[in-house]
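J.: whatever this is, show me its structure:
(one chain, ligands or ions: 2)
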Amino acid sequence: MNILLLGSGGREHALSWKLKQSPLCEKLYIAPGNAGTSECGVNIPLRIDGDFEAMEQFCRDHAVQLIIVGPEDPLVKGVYDYFEEAHAKNPFAEGWVGVIGPSKYAAQLEGSKSFAKAFMERHNIPTASYKEFTDVNFDEGREYLMNHALPVVLKADGLAAGKGVIICNNHLEAVAEFDMMIHQHKFGDAGKRVVIEQFLNGIEMSLFVLTDGKNYCILPEAKDYKRIGEGDTGLNTGGMGAVSPVPFADDVFMTKVEERIVKPTINGFHSEGMVYKGFVFIGLIKVDNEPYVIEYNCRMGDPETEVVIPRLQNDLVELMVATAKAEIDTVTIEQDPRFAVTVVAVSGGYPGDYIKGYEITGLDQSNTDSIIFHAGTKTENEAVVSNGGRVLAVTSFGNNASDAVAKSKGLLEGIRFMKMYYRNDIGYEFAETN
Ligand code: AMP
Ligand code: GLY
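T.: Ligands and ions are numbered 1, 2, ... in the order given. The predicted model follows:
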């Protein structure tokens, strides 16, 4: 099968690493990819941010049969629908399987917080209580905020590059933020509508579900580390590391999650006729042993993929085909029982300003329990150079979290690029867990 994978981060390196292990994978193309994905397939310099015509031409010219979408942006812009319609008008290559991802309508679960909250409300899925406001009912919103318990959470409705959530500890600050979103366009159009919600106090984890819109299977869960500093301090990032499994996600808790959240979510897709053939990332929070949904994303997480995919023992191409053909009920997920931990190495200054283009050395090291995934890298004059904030994600297996982290850190000590930084404490709360 000829496969096109969209994206260029650590998530896409992990996916391409796994795809190329499948005997079903013939040609693997990654658009645009990074220096790591070029070891697994062929990188193609295609734009994936909304101009789907060039992608369509590429697929026709190279007999692509399966498209797997890594990031949310093409999904929210309707890549699934574009290819479905193009295929209906003029069929793609023989053996065309489809696009892995939700339809544009269903991708609003990530693209619009208000859409996601209303969906959860309709299906009685536990989540923080909320109300939404725009310019039209701004005064009512201010009143609502002034009377809200603290802390209070403000969310820009649309995609805001992971920055659209603000947690406020006092009412005046909350009203000022609300005003900046609605009247001063702090997040552009994404903040024209604001969801104001109850603050939930608990511990978060990421759940990944693969669905064909009717049936589902649950993939290994993970926990990511969002803050730049050790001990979960400092600014939010795209993710500085991840662990899987999550020790607090025990059987009792996961049964509650499946019954109260996963089943109603997938049944909701089905009963509302939402077309969804892909990954659902459910951001969960455990509050007094009860699960709540913080958010839905319509894709895999990054860096969670770098621990989830190595633990997945199924053939990923088989899973993708079962998803596209609505046969996911025939699949049994097999997981590696060991702990996987990934530690992300970033450019100094990230998540603020940083410099790209530094040569990376030490990438040729290996050990049987570790994999070096590339995130922001590219090849320049035969050298691998940094090309983003998050540069590498070094994943290792171990019998417990500390053992796995020690192996990743061992490799990172031999890797160098100017101003490289990584957290030393990924998995710290699970250090003693076996
Ligand atoms: P989101 O963009 O929805 O993923 O939100 C970013 C982060 O904000 C989440 O991962 C949580 O850490 C935090 N957050 C969002 N909503 C809430 C909430 N209702 N209560 C507590 N924390 C929240
Ligand atoms: N690691 C969180 C995300 O991918 O959104």
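J.: the residue nearest to Gly414 when sequence neighbours are not counted: how many residues sit nearby?
T.: What sits nearest to Gly414 in space, not counting adjacent residues and going by CB to CB, 6 or more residues apart in numbering, is Gly362, at 4.3 Å. Any C-beta I mention is one placed from the backbone N, CA and C, and that applies to glycine too. For Gly362, the count of nearby residues is 14 (other CB atoms under 10 Å).
J.: Gly362 against Gly410, yeah?
T.: No. Using CB atoms under 8 Å, Gly362 is not in contact with Gly410, being 11.2 Å away.
J.: contact partners for the nearest residue to Val165 once chain neighbours are set aside?
T.: Ranked by CB to CB, 6+ apart and with sequence neighbours excluded, the top spatial neighbour of Val165 is Lys155, at 5.1 Å. Residues near Lys155 by CB atoms under 8 Å, 6 or more residues apart in numbering: 113, 164-166, 194-197.
J.: could you rerun that using 10 Å?
T.: Contacts for Lys155 (CB atoms under 10 Å, 6 or more residues apart in numbering) come out as 113-114, 116-117, 128, 130, 132, 164-167, 181, 187, 190-191, 193-197, 295.
J.: what's across from the closest residue to Ser129 other than its chain neighbours in the sheet?
T.: Spatially, and ignoring its direct neighbours in sequence, Ser129 is nearest to Gln198 (4.7 Å; CB to CB, 6+ apart). Following DSSP bridges, Gln198 is listed with bridge partners Val152.
J.: how far away is the residue of the stretch 201-350 of the chain found nearest ligand 1 from ligand 2?
T.: Per CB to the nearest ligand atom, Glu295 is where the stretch 201-350 of the chain lies closest to ligand 1, at 3.6 Å. Applying CB to the nearest ligand atom, to the nearest Å, the value for Glu295 to ligand 2 is 9 Å.
J.: does that residue fall in a helix, a strand, or a coil region?
T.: When classified by DSSP: H, G, I helix; E, B strand; the rest coil, Glu295 comes out as strand.
J.: wait, it touches Leu200, no?
T.: No. Look at Glu295 against Leu200 with CB atoms under 10 Å: they stay out of range, at 11.5 Å.
J.: so what sits against both of those two?
T.: By CB under 10 Å, 6+ apart, the residues touching both Glu295 and Leu200 are 127, 285.
J.: just say helix, strand or coil for the closest residue to Leu46 other than its chain neighbours.
T.: Leaving out its chain neighbours, the residue that sits closest to Leu46 by CB to CB, 6+ apart is Ala31, at 4.0 Å. Taking three-state DSSP as the rule, one finds Ala31 in the strand state.
J.: what does the stretch 101-250 of the chain put close to ligand 1?
T.: Proximity of the stretch 101-250 of the chain to ligand 1 is confined to 128, 153, 165, 197-200, 204 under the rule CB under 6 Å from any ligand atom.
J.: my read: Val280 touches Leu207, true?
T.: Yes. Counting by CB under 10 Å, Leu207 is a contact partner of Val280 at 8.4 Å.
J.: what is in contact with these two at once?
T.: Here Val280 and Leu207 have 219, 262 as joint contacts, going by CB under 10 Å, 6+ apart.
J.: neighbours of Ile355, just the number please.
T.: 11.
J.: then His171?
T.: Per other CB under 10 Å, the neighbour tally for His171 reads 15.
J.: if I look at the nearest residue to it once chain neighbours are set aside, how far off is Glu173?
T.: Leaving aside its sequence neighbours, His171 sits nearest to Met146 (CB to CB, 6+ apart; 5.2 Å). Computed as CB to CB, to the nearest Å, the Met146 to Glu173 distance reads 12 Å.
J.: the two: who's more crowded?
T.: Shown here are Met146 and Glu173; by other CB under 10 Å, Glu173 has more neighbours (15 against 12).
J.: isn't that one up against Ile166?
T.: Yes. With contact defined as CB under 10 Å, Glu173 counts as touching Ile166 (8.9 Å).
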